[in-house]
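**Student:** Let's see this in three dimensions:
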Amino acid sequence: MVSSDRLAAFAALSFLLIIVPGPSVLFVIGRALAQGRRAALTTVAGNTLGAYVLVAAVALGVGAVVERSVLVFTALKLAGAACLVYLGVRAWRERGELRAAFAEAQPAARGGRRTFLEGFFVGVSNPKTIVFFAAVLPQFVDRDAGRSTLQMLLLGLVFNVIALVSDSVWGLVAATARDWFGRSPRRLSMVGGAGGLTMIGLGVTVAATGHAD
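**Tutor:** Numbers count the residues shown, from 1 in each chain. All right, here's what the predicted structure looks like:
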């Protein structure tokens, strides 16, 4: 299995990459501002599971196919971007309804299952994550120790645990700021719109990223 030195080095690298806000963090922040704490944490859970599916795909060799295929890479990229833009537009259009939901203490009234699945789709359709895992995971695998697939699954688990904690903290901080905005209908409408615009901007950014080549 993975040696303790390799595991520690990968964990340190993962931490340095994760603490810098990226697409998943911005998505979670957008959901926290638009729908609140519960939606943010549910989104984090779905996003984390989606990312680990990518880890499993890379460990089984699928990641190499995506990394080398411009067509597959582009399809995944555009699917993820479209999902983000759709969710952002919906949050923007419904920003005026946030006050009523907030007053009823049901900021995530759309249901945890739907929110989880949306987070999962964004996580599993992120081509940048696939490329990262495909490029980094193999470098920390000890080929002489055997069981390369299990080693990559373990390394991916370490990455996702760190990401789960980090994204949750970002979501909770953003949700706390939303609570303050919730004291004013106008401010709450503004923050809901900001969350929607954040997701739309993120979707456009993902769509504009380069090819896998």
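
**Student:** what comes up buried for the top helix by length along the chain?
**Tutor:** The helix spanning the most residues in the chain, taking DSSP state H as the definition, is helix 148-181. Buried residues in helix 148-181, counted by 16 or more other C-beta atoms under 10 Å: 151-156, 158-160, 162-164, 166-168, 170-172, 174-175, 178, 181. Every residue, glycine included, has its C-beta placed from N, CA and C.

**Student:** Tell me the confidence at residue 102?
**Tutor:** In the predicted model, residue 102 carries a pLDDT score of 51.

**Student:** brain fart, residue 157
**Tutor:** We have a pLDDT of 92 for residue 157.

**Student:** Hmm, residue 49 and it touching each other?
**Tutor:** No: Residue 157 lies out of contact with residue 49 (C-beta atoms under 8 Å); the separation is 11.7 Å.

**Student:** Select the helix or strand of the chain having the lowest average pLDDT value.
**Tutor:** Ranking every helix and strand in the chain by mean pLDDT, DSSP states H and E puts helix 98-103 at the bottom, with a mean of 51.

**Student:** Which helix or strand lies directly C-terminal to that one?
**Tutor:** Toward the C-terminal end, the helix or strand that comes next after helix 98-103 (DSSP states H and E) is helix 112-124.

**Student:** could you give the angle of that next one to helix 148-181?
**Tutor:** Inter-element angle recorded for helix 112-124 and helix 148-181: 120 degrees (by axes from the mean of the first three to the mean of the last three C-alpha atoms, to 10 degrees).

**Student:** Which neighbouring elements make contact with the host helix or strand of residue 57?
**Tutor:** Element membership for residue 57, per DSSP H and E: helix 37-59. Counting by 3 or more C-beta pairs under 8 Å, 6 or more residues apart in numbering; DSSP states H and E, the packing neighbours recorded for helix 37-59 are helix 23-35, helix 62-68, helix 112-124, helix 127-136, helix 148-181.

**Student:** hmm, try it at 6 Å
**Tutor:** Packed against helix 37-59 by the contact rule (3 or more C-beta pairs under 6 Å, 6 or more residues apart in numbering; DSSP states H and E) you find helix 23-35, helix 112-124, helix 127-136, helix 148-181.
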